[in-house]
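Q: I need the structure of the sequence given here:
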Amino acid sequence: MQTDILIIGSGPAGSSVAYQCAKAGQKVTVVDSLFGGTCALRGCTPKKVMEVITSSYWEAKKMEKVGFPKLREPINWHQLIAHQSKFTSLVPSKTKEKFNKKGIQTVIGKAKFIDAHTIKVGKKKIKANYIVVASGAHPRPLDFPGSEHLVTNDGFFALDNLPKKIVIVGGGYIGFELSHIMAACGAKVTILSNDEMPLQVFDSELVSDLIQATLAKGIEVKLGYEASKIEKQKDKSFKITSKRKDNKAFTYEADLVLHAAGRVPNVEKLGAKKIGLKLNDKDGIATNKFLQTKKHAHIFALGDVTGKLPFTEVASYEANIVAHNILNKRRKSVNYDGVPYGVFTHPKLTMVGKTESELTKKGIKYKAKSESHDSSFMQRTHLNTFSRYKTLVHKKSGKILGASIIGSYADEMINLFSMAIQQEVTDKQLKDLLLLYPTAGQEVKFLV
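A: Predicted structure coming up:
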């Protein structure tokens, strides 16, 4: 079988490249084992659908003290899962249907390189002029006794009933986000974080606030605890052993043990090494600034498989770059300045731009503003006691260099800072904007 462009992966990265190239008249083939991608099926989409409901629950609990009716029951897990399935169950069939309508051929299965222009899917061989690798990532393998009992995100979003006692192995984005969701549904949750200070990309003061907000929900947060063994008991529960750096062991009981210890690029089963594709320090496929692989200019890699920035918006942005570079002689390069990060807990934790340590290392002179945000009008209306911000501004030019926010509407507020960084807006220009009052977005003016 021959095609112009072969795309491995049907998530937001692969799909966007496919549509753009097909529209330009190219013969496009997409290969995947489950069409739709992790974000739409087992990641961002179902998580966000559930988080909207559970964050409303936590909001309502706070409002009880000012007259909101008391909630007698936690959220019904079965109904919540049924609700999120409305957003995910038809994704694979609709993805394939949309591809077919655009004249894009689909092949079900897992791709493996035979040579630099050919892949094999089952018994079928497909040869292409260009190959785009957008195969995503999978849960990081954990090598300790009993790790086979861990439930990954695939299993989590398919649980009909939520167990009463849950241990989460890993203290990253997923661990904190899912802990807030499950606790709102009545589960007793414990997070085992290998790091003494989790979420290290964020400002440590704001992370401390998130930890306090998590503890306030009845969730146990164990910092510096590395899971070392999982044992299945006769009653089908589990005993989890964890160790600290001093080798002291602690045990926990749970009905479910959830894997939230990170993800790694889907590279190994691709046969990437067979054709000489190099890996980067994140164990993802290494690319140049045009997203071409280091050895083969006709092979592109983007999205989670590169191990760089595992965000849907970044994957979509990279897809535009790849499609342009395939279809045009004059190439475009990537620029990741102003990419926002967020932890969708309650409250939300967000950041964008540079950190103080990065600026210090580069010798960039800046001024920092860091304060509790509890006294702001919008935070007070939401009875938010875990709110803080830090902003970094270039000392000479006044350009916004970085921002970190925890609090109500932090996800929407950080978008304004992201736009400011990408458009090189100064603190004075930001303060002079006419924005809708009273909103959290309007308060951004006073954070610089």
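
Q: can you tell me the distance between the two ends of stretch 225-240?
A: Stretch 225-240 has an end-to-end distance of 11 Å (C-alpha to C-alpha, to the nearest Å).

Q: now what about that stretch, what contacts it?
A: The contact list for stretch 225-240 (C-beta atoms under 8 Å, 6 or more residues apart in numbering) reads 142, 144-147, 149-150, 165, 167, 169, 192-194, 241-244, 249-257. C-beta here means a position set from N, CA and C on the backbone, and glycine is covered the same way.

Q: And for stretch 76-87?
A: By C-beta under 8 Å, 6+ apart, the surrounding residues in contact with stretch 76-87 are 45-46, 49-50, 53-54, 157-162, 185-186.

Q: Quick check: buried residues in stretch 153-170?
A: For stretch 153-170, a neighbour-count test (16 or more other C-beta atoms under 10 Å) marks Asn153, Phe156, Phe157, Leu162, Pro163, Lys165, Ile166, Val167, Ile168, Val169, Gly170 as buried.

Q: Stretch 372-384 now?
A: Residues of stretch 372-384 classed as buried: His373, Ser376, Met378, Gln379, His382, Asn384 (neighbour count, 16+ other C-beta under 10 Å).

Q: Most widely separated two among these?
A: The most widely separated members of these, counting by C-beta to C-beta, are His373 and His382 (11.1 Å).

Q: Okay, and which of the contacts of stretch 225-240 map to strands?
A: Here DSSP state E is the test, and the contacts of stretch 225-240 give 165, 167, 169, 192-193, 241-243, 249-254, 256-257 as lying in strands.

Q: Any stretches of the stretch 51-200 of the chain with poor pLDDT?
A: By pLDDT under 70, the stretch 51-200 of the chain has no low-scoring segment.

Q: now with 90?
A: For the stretch 51-200 of the chain, the stretches with pLDDT under 90 are 153-154.

Q: Provide the backbone phi and psi angles at the closest residue to Gly109 other than its chain neighbours.
A: The shortest distance from Gly109 to any non-neighbouring residue, by C-beta to C-beta, 6 or more residues apart in numbering, is to Val121 (4.0 Å). Here is the backbone geometry of Val121 (degrees, to the nearest 10): phi -130, psi 110.

Q: And for the one 5 residues further on?
A: Per-residue torsions, Ile126: phi -130, psi 130 (degrees, to the nearest 10).

Q: Chain neighbours aside, what residue packs nearest to it?
A: Leaving aside its chain neighbours, Ile126 sits nearest to Met1 (4.8 Å; criterion: C-beta to C-beta, 6+ apart).

Q: Roughly how far does the one you found sit from Asp432?
A: Met1 is 59 Å from Asp432, where distance means C-beta to C-beta, to the nearest Å.

Q: Looking at these two now, which is surrounded by more residues?
A: Counted by other C-beta atoms under 10 Å, Met1 and Asp432 do not tie: Met1 has more neighbours, with 13 against 9.

Q: what sits against the more buried one?
A: Per C-beta under 8 Å, 6+ apart, neighbours of Met1: Thr29, Lys124, Lys125, Ile126, Lys127.

Q: Can you flag the buried ones in those?
A: Neighbour counting with 16+ other C-beta under 10 Å marks Thr29, Ile126 as buried within the contacts of Met1.

Q: can the contacts of Met1 go into JSON lines with extra columns for secondary structure and distance to Lys62?
A: Formatted as JSON lines, the contacts of Met1 follow (DSSP: H, G, I helix; E, B strand; the rest coil; distance: C-beta to C-beta, whole Å):
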{"residue": "Thr29", "secondary structure": "strand", "distance to Lys62": "52"}
{"residue": "Lys124", "secondary structure": "strand", "distance to Lys62": "56"}
{"residue": "Lys125", "secondary structure": "strand", "distance to Lys62": "59"}
{"residue": "Ile126", "secondary structure": "strand", "distance to Lys62": "55"}
{"residue": "Lys127", "secondary structure": "strand", "distance to Lys62": "59"}
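
Q: Report the two of the contacts of Met1 separated the most.
A: Put simply, by C-beta to C-beta the two of the contacts of Met1 set farthest apart are Thr29 and Lys125, 11.9 Å from each other.

Q: Distance-wise, check the spatially closest residue to His382 that is not a sequence neighbour relative to Ser179.
A: Leaving aside its sequence neighbours, His382 sits nearest to Ser408 (C-beta to C-beta, 6+ apart; 4.2 Å). Distance of Ser408 to Ser179, given as C-beta to C-beta: 19 Å.

Q: Find me the pLDDT at the nearest residue to Ser10 once chain neighbours are set aside, would you?
A: Closest residue to Ser10 apart from its sequence neighbours, by C-beta to C-beta, 6+ apart: Asp32 at 4.2 Å. Looking at Asp32, its pLDDT stands at 97.

Q: quick one on the thing from earlier: show me what contacts the residue nearest to His382?
A: By C-beta under 8 Å, 6+ apart, the contact set of Ser408 is Pro347, Lys348, Met378, Gln379, His382, Asn384, Ser387, Ala440.

Q: Near the first one, how many other residues are there?
A: Residues within reach of Pro347, counting by other C-beta under 10 Å, total 27.

Q: just checking, it touches Thr385?
A: No - in this structure, Pro347 is not within contact of Thr385 by C-beta atoms under 8 Å, at 9.4 Å.

Q: pLDDT score for Ile5?
A: As predicted, Ile5 sits at a pLDDT of 98.
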